[in-house]
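Enquirer: pasting the structure only:
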C-alpha cells in the first residue's frame, strides 16, 4: 500500500504523543545497487503499511524492547548517529532490505529507498528506545516512517521502520549526491562490514560539491519547487554547530538536511 496519501506529520505526531511524556524528560548517475549476493533470491518489495501500532506496541505497553530502524543513509556512519545526532542504539546489526533500491531522489540529493523487485539495499538495523525513536523521527522530518521486513545478515527477519521520501516530494533521478553525504554512506558501509559488492558500488558512485547543486535538486519530478518543511532542532547542539561550520556553505535560498 502506498504512503502517498499519508499526511506528512501524521506518524511523527502519533509517535510523539505516544512517548511524549518520556521524551520531554530528555531534552550525473542513476544509482543501481550491486548485484544481490544470492541472485536466486528474488523477493517482492516489502509491503508498506499505514499502521505502525504493531511496531510500537511495546512502547505503548510500557515495555523496553525498543524499536528497530533500518538505516541506509547518513546514519550508517557512527560519527553521525552517535556523534552529531546523539543517538545510542541498544543494539545494531548489518542487514538488507530486499525488494528495494537506493536512489538519491530526496530533496537536496539525499538518499531514498524505492520498491524494486529483485534488488536490495544494504544497511544497518538499529534498535532504539522509544525516546530515541521519537527524536530520530523529528530529525528525519522530511521523510515518512514506513513499516518493512528487513533481513539481518544472520538470516533473521525483523520488523523495522525505514524512512522514505514522500513520492510527491522526490526529485528527478540521475543527480549525484553531495561528496560529504556520500562519504558518510561509504565510511559507514565499510565500518559495519556490509557486503563487499555493495561497498564497491558505493565507492564507485560520482558525487558533487554541495555548493554546486543547481535548482534541479530542489524541484519535484513535475518541476514544482519543493519548499523545506519546518525543522525541529534536536540532537547535540555543540556538534550541530561544529557540523554547520564545517559543511562548506550552501547555495543561497536552499536548505539542506544532510
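Expert: Thanks, I have it. Everything numeric here is computed off the predicted structure, so don't read it as measured data.

Enquirer: Tell me where the stretch 151-258 of the chain has strands.
Expert: Remark: strands assigned in the stretch 151-258 of the chain by DSSP state E, counting those that start in this stretch are 157-164.

Enquirer: For residue 144, name its beta-bridge partners.
Expert: residue 164 (DSSP bridges).

Enquirer: could you measure residue 224 against residue 72, distance?
Expert: Separation of residue 224 from residue 72 (CB to CB, to the nearest Å): 26 Å. In short, each C-beta sits where N, CA and C put it, glycine included.

Enquirer: Who has more neighbours out of those two?
Expert: When residue 224 is set against residue 72 and neighbours are counted by other CB atoms under 10 Å, the residue ahead is residue 72, at 24 against 11.

Enquirer: I'd guessed the more buried one sits against residue 110; true?
Expert: No. If you go by CB atoms under 8 Å, residue 72 and residue 110 don't touch, sitting 10.9 Å apart.

Enquirer: ranges for the helices of the protein?
Expert: 10-23, 53-60, 78, 130-139, 179-191, 196-204, 237-246 (DSSP state H).

Enquirer: in the top strand by length along the chain, what counts as buried?
Expert: Scanning the chain for the longest strand, with DSSP state E as the assignment, gives strand 110-128. Judged by neighbour count (16 or more other CB atoms under 10 Å), strand 110-128 contains these buried residues: 110-114, 116, 119-128.

Enquirer: I figured residue 80 hits residue 74, correct?
Expert: Yes. Here residue 80 reaches residue 74: they are 4.8 Å apart, a contact under CB under 8 Å.

Enquirer: between these two, what contacts are shared?
Expert: 184, 188 (CB atoms under 8 Å, 6 or more residues apart in numbering).

Enquirer: Now residue 228: phi and psi?
Expert: phi -70, psi 140 (degrees, to the nearest 10).

Enquirer: just residue 142 next, same as before
Expert: Torsion angles, degrees, to the nearest 10, at residue 142: phi -100, psi 10.

Enquirer: Kindly provide the distance from it to residue 89.
Expert: Look at residue 142 and residue 89: by CB to CB, they are 22 Å apart.

Enquirer: Poorly predicted segments of the stretch 151-258 of the chain, please.
Expert: Filtered on pLDDT under 70, the stretch 151-258 of the chain yields the residue ranges 231-258.

Enquirer: mind redoing it with 80?
Expert: Where the stretch 151-258 of the chain drops to pLDDT under 80, the residues are 230-258.

Enquirer: Quick one: mean pLDDT over the longest strand of the chain.
Expert: For strand 110-128, mean pLDDT is 97.

Enquirer: For stretch 135-147, measure first residue to last.
Expert: Chord length of stretch 135-147, first to last residue, is 18 Å (CA to CA, to the nearest Å).

Enquirer: I meant to write stretch 206-214 there.
Expert: Using CA to CA, one end of stretch 206-214 lies 16 Å from the other.

Enquirer: Report the buried residues of that stretch.
Expert: So for stretch 206-214, counting by 16+ other CB under 10 Å, buried means 207-208, 210, 213.

Enquirer: who does the longest strand of the chain pair up with?
Expert: strand 67-71 (antiparallel), strand 91-106 (antiparallel).

Enquirer: Pick the most deeply packed of the ones you listed.
Expert: Sort the strands paired with strand 110-128 by mean neighbour count, taking mean count of other CB atoms under 10 Å, and strand 67-71 sits at the top with a mean of 26.

Enquirer: I'd like to know how many residues surround residue 225.
Expert: 9.

Enquirer: Now for the nearest residue to residue 207 once chain neighbours are set aside: which residues touch it?
Expert: Spatial nearest neighbour of residue 207, chain neighbours left out: residue 179 (4.1 Å); criterion: CB to CB, 6 or more residues apart in numbering. Residue 179 is in contact with 207-210, counting by CB under 8 Å, 6+ apart.
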